[in-house]
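Visitor: Quick one: sequence and predicted model below, then my questions.
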Amino acid sequence: MRDYLFRGQAISDKQWVYGSLIIKEGHYYIVPQEPDWYIHDVWIDDDGRIDGWAVPVIPETVGQYTNMNDVDGQMIFEGDILEGNNEVMYSGDAYNINGDRRLYFWAKTYRVVGNIYDKE
């Protein structure tokens with residue numbers, strides 16, 4: 001079964017947040033994955049605002065887990081940089097490396113070394 005996991009940088013402190021993605025009226029939120037938190041703790045109030053445990057994140061930093069891991073077992077997300085300055089991206093109908101090689105065939109031969117948002 002496919003895991004739907006997203007990450008994004010919190011607007012408040014730019015720390016990475018991992019969990020479920022909610023998009024409401026152009027605002028992006030991630031409900032963190034914590035074993036003691038429940039999805040029903042997130043709700044949309046009468047004004048259409050997201051309340052509860054949702055964390056507002058920077059939309060441009062949101063990336064989905066590819067359901068693939070690198071050579072060390074680290075999860076690979078959209079926007080990650082693999083060894084050799086290779087960017088993971090979604091194009092067409094698949095996750096690719098630099099848009100030209102399907103990640104599925106190459107994931108376990110690379111190591112995640114960063115991402116396009118944290119690089120200097």
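Guide: Now that the structure is in, tell me what you want to look at.
Visitor: Count the residues that sit near Gln15.
Guide: Residues lying near Gln15 (other CB atoms under 10 Å) number 9. Heads up, the C-betas are built off the backbone N, CA and C, glycines and all.
Visitor: Disregarding flanking residues, what is the spatial nearest neighbour of it?
Guide: Gln9 (6.9 Å; CB to CB, 6 or more residues apart in numbering).
Visitor: which residues touch the one you found?
Guide: Going by CB atoms under 8 Å, 6 or more residues apart in numbering, Gln9 touches Gln15, Trp16, Val17, Val57, Ile58, Thr61, Tyr117.
Visitor: Among those, name the buried ones.
Guide: Buried members of the contacts of Gln9, counted by 16 or more other CB atoms under 10 Å: Val17, Val57, Thr61, Tyr117.
Visitor: Read off the pLDDT value for the residue nearest to Gln15.
Guide: Note on Gln9: pLDDT of 95.
Visitor: and it, what element?
Guide: strand 6-9 (DSSP states H and E).
Visitor: pull the longest strand from this protein.
Guide: Assignment by DSSP state E gives strand 16-24 as the longest strand of the chain.
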